[in-house]
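# Coordinates for the following, if possible.
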Amino acid sequence: MNLILLGINHKTAPIELRERLAIPRERLVELTRHLCSLSGIREAMILSTCNRVEILAAAESADARLDGFFADQFAIDSAELAPHLYQFHEIAAVRHLFRVASSLDSMVIGESQILGQVKDAFAAAREAGAIGTELDPLLQSAFAAAKKVRSETEIGSTTVSIASVAVDLARKIFGSLHGKTIFLVGAGKMSELAARHLVAQGASSILLTNRTQSRAETVAARLVGSVRPRVVAWDHLHDAASQADIVITSTGSPHPIFTRDHAQSFLHKRRNRPMFFIDIAVPRDVEAAVNRLEGIFLYDIDDLQSVAAAHLAERTREASDAEAIVAAEVDRYQQRQRTVDIAPILVALQHRAEELRQSELRRMHARLASLTSEQSSAIDALCRSMVNKLLHPTLLALKQAARANDSERIAAIRAEWSLHELETQPDTKPEVLPEMQPETHSAVVPADRKDEDSAAEFASTPTRGRS
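Just a heads-up that it's a prediction; the model follows:
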């Protein structure tokens with residue numbers, strides 16, 4: 001498999017660039033289909049969050065170019081984009097994916113939203129028909145690694161997210177949230193998390209709005225506590241904003257919903273009382289020019305990194321333990337993939353052994369002609385059992401060589417059994433004498449059925465479809 005991962009994130013690109021590449025959920029399927037239509041791309045997935053946009057692809061060649069996809073789709077000059085892109089191949093791409101899913105590459109280490117976002121991207125790619133036998137097992141392994149990190153370390157022991165960091169910043173700005181009015185603009189997952197943190201921090205008044213009012217009402221009804229958000233109609237968005245001391249905004253709008261003129265109007269209505277905007281949307285909901293007004297303080301998602309750094313310091317040991325788990329899971333995936341890669345050799349070896357068995361039976365055909373059908377079946381079973389037992393050590397040697405990445409040992413076994421020609425024709429079956437028809441199951445199987453890396457398991461494992 002030629003695995004390629006290309007992307008930008010909060011470490012490599014400023015928000016001004018990331019927001020230009022942000023992909024709304026409703027366009028993911030369409031763009032993933034387009035990505036898969038590019039020459040040399042067999043399977044693909046696109047992950048787009050507030051902090052990263054990444055392409056994961058299984059390609060015909062390691063030289064497949066993906067950087068042009070961003071430039072073409074978002075009308076960005078490749079020269080402008082290139083300094084901010086990172087690209088990983090093969091096992092480095094696997095390691096990066098596992099770290100992302102496990103929240104080890106997040107702005108807030110240990111945040112729980114990223115795994116759900118990766119699963120959403122996987123679901124969109126499946127809907128686009130872009131997931132097959134190469135990316136499916138890889139993503140399933142990434143989900144398993146993330147689950148192991150969360151269950152075996154304390155990295156997720158407390159609820160940490162971009163939303164909680166935003167609320168921490170609001171509390172630090174005012175010292176206390178008691179008596180303050182907070183306006184949540186957008187009722188997505190991030191806003192719901194922010195609302196829960198605000199209630200926990202003692203906010204006395206919360207306003208909530210969303211383009212779809214029923215969604216805002218649902219979020220408000222789910223919050224349990226002494227403060228229940230008051231739902232504001234979207235049409236009254238700007239009227240309500242002037243009442244708020246802190247506005248936390250996270251919508252999917254492609255354009256700013258708060259401009260410099262809006263902010264100037266808010267200050268006039270508030271008689272110049274200060275107002276804070278915490279914009280955790282990508283693309284941004286608040287024009288950058290708003291920050292130039294005296295009395296208005298604007299923080300975007302990149303400004304939250306200094307607050308997030310404090311959480312990282314508290315979680316250094318847990319992150320170290322999580323990194324060790326991810327490294328082990330990457331190694332496990334790599335060993336398993338090596339065994340998958342030699343499946344054609346295992347199948348060819350089984351076919352070669354069956355070919356030899358049938359050749360010997362044909363040679364003895366005249367001398368066995370007088371046997372009854374029961375006797376013929378007994379001899380056939382005896383021969384098959386002997387071949388299985390004789391073949392088993394070689395099958396194990398191949399799998400052990402694959403795990404150890406011992407290409408010389410694998411090449412020696414291929415040459416010893418003259419497997420090169422059969423590997424290119426894995427469905428070729430030796431001629432079988434009518435009198436000695438084998439049973440309907442596979443003629444030669446590994447003797448050790450308990451070996452988790454058996455040839456049958458890797459040669460015929462169906463694609464799974466869960467997210």
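# Can you tell me how far P14 is from I413?
Going from P14 to I413 by C-beta to C-beta, to the nearest Å gives 53 Å. The C-beta positions use only the backbone N, C-alpha and C, and glycine is treated the same way.
# out of those two, which sits in the busier spot?
I413 (17 against 12; other C-beta atoms under 10 Å).
# surely the more buried one meets A397?
Yes - judged on C-beta atoms under 8 Å, I413 makes contact with A397 at a distance of 6.6 Å.
# Name the SS class of P254, please.
Following DSSP: H, G, I helix; E, B strand; the rest coil, the label given to P254 is coil.
# how much space between it and T49?
Separation of P254 from T49 (C-beta to C-beta): 16 Å.
# more neighbours, the two?
Set P254 next to T49 and count neighbours by other C-beta under 10 Å: T49 wins out with 23 against 9.
# is it true that that one touches Q117?
Yes - using C-beta under 8 Å, T49 makes contact with Q117 at a distance of 5.1 Å.
# wait, is E354 part of a helix?
Yes - under three-state DSSP, E354 falls within a helix.
# now it: how far from R222?
From E354 to R222 the distance is 62 Å (C-beta to C-beta).
# These two: who's more crowded?
Per other C-beta under 10 Å, whichever of E354 and R222 has more neighbours is E354, with 20 against 11.
# Geometric centre of this structure: which residue is closest?
Geometric centre of the chain, nearest residue: V118, 4.1 Å, by C-alpha atoms, centre = their mean.
# how about the strands in the stretch 151-300 of the chain?
181-185, 205-209, 230-232, 246-249, 275-279, 296-300 (DSSP state E, counting those that start in this stretch).
# The ones you listed: which one's closest to L104?
Nearest to L104, of all the strands of the stretch 151-300 of the chain, is strand 296-300, at 23.4 Å by C-beta to C-beta.
# My guess is the residue nearest to the centre of the chain contacts Q140. True?
No - with contact defined as C-beta under 8 Å, V118 does not reach Q140; the gap is 11.6 Å.
# Kindly confirm my reading that the residue nearest to the centre of the chain is in a strand.
No - counting by three-state DSSP, one finds V118 to be helix, located in no strand.
# Can you give me the distance of the nearest residue to it once chain neighbours are set aside to F88?
Leaving aside its chain neighbours, V118 sits nearest to A101 (4.9 Å; criterion: C-beta to C-beta, 6 or more residues apart in numbering). Remark: distance between A101 and F88 (C-beta to C-beta) = 14 Å.
# now swap in R196 and tell me
R196 is 35 Å from F88, where distance means C-beta to C-beta.
# Show me what the top helix by length along the chain is packed against.
Across the chain, the longest stretch assigned as helix under DSSP state H is helix 373-403. Applying 3 or more C-beta pairs under 8 Å, 6 or more residues apart in numbering; DSSP states H and E, one finds that helix 373-403 makes contact with helix 316-341, helix 343-363, helix 407-417.
# Give me the helices and strands touching the last one, please.
I take that to be helix 407-417. Helix 407-417 is packed against helix 343-363, helix 373-403, with contacts defined by 3+ C-beta pairs under 8 Å, 6+ apart.
# How about residues contacting that helix?
Helix 407-417 has contacts (C-beta atoms under 8 Å, 6 or more residues apart in numbering) with 342, 345, 348-349, 352, 394, 397-398, 401-402, 419-420, 423.
# Go through that helix and flag the buried ones.
Neighbour counts using 16 or more other C-beta atoms under 10 Å place 410, 413-414, 417 of helix 407-417 among the buried residues.
# could those go into CSV alongside distance to N2?
Supplementary listing: the buried residues of helix 407-417 in CSV, determined by distance: C-beta to C-beta, whole Å:
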residue, distance to N2
I410, 20
I413, 25
R414, 22
W417, 28
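# which residues of this protein score low on pLDDT?
Scanning the chain for pLDDT under 70 picks out the ranges 1, 156-160, 224-226, 306-317, 339-341, 420-467.
# Can you give me the domain boundaries for it?
2-159, 162-308, 336-363+387-453 (automatic domain parsing).
# closest one to V326 among those domains?
Among the domains of the chain, domain 2-159 comes nearest to V326, with 4.9 Å by C-beta to C-beta.
# Tell me how far the closest one lies from the chain's centre.
6 Å (C-alpha atoms, centre = their mean, to the nearest Å).
# Would you confirm that E152 contacts A324?
No - between E152 and A324 there is no contact under C-beta under 8 Å: 9.9 Å.
# Pull the number of nearby residues for L104.
Neighbours of L104 under the rule other C-beta under 10 Å: 20.
# Would you confirm that it contacts E323?
Yes - counting by C-beta under 8 Å, L104 does reach E323; the two are 6.3 Å apart.
# SS state for the residue in the chain sticking out farthest from the centre?
Within the chain, the residue lying farthest from the chain centre (C-alpha atoms, centre = their mean) is S370, at 63.2 Å. Here S370 is recorded as coil under three-state DSSP.
# next one: I4
strand.
# Once you drop chain neighbours, what's closest to it?
In this structure, I4 finds its nearest non-sequential neighbour in A57, 5.0 Å apart by C-beta to C-beta, 6+ apart.
# ok, that neighbour - how many residues close by?
Count around A57 with other C-beta under 10 Å applied: 26.
# ok, now how distant is it from G7?
Counting by C-beta to C-beta, the gap from A57 to G7 is 11 Å.
# Okay, helices next: where are they in the stretch 151-300 of the chain?
In the stretch 151-300 of the chain, the segments counted as helices under DSSP state H, counting those that start in this stretch are 162-174, 189-200, 213-222, 237-241, 260-269.
# What is the first one packed up against?
Applying 3+ C-beta pairs under 8 Å, 6+ apart, one finds that helix 162-174 contacts helix 189-200, strand 246-249, strand 275-279, strand 296-300, helix 305-314.
# Other residues contacting the longest one?
For helix 189-200, the external contacting residues (C-beta under 8 Å, 6+ apart) are 50, 113, 116, 159, 161-164, 166-167, 170, 177, 182, 184-185, 206, 208, 210, 219, 222-223, 225-227, 229, 248, 250, 280.
# Quick check on these: which are buried?
50, 113, 161-164, 166-167, 170, 177, 182, 184-185, 206, 208, 210, 219, 223, 229, 248, 250, 280.
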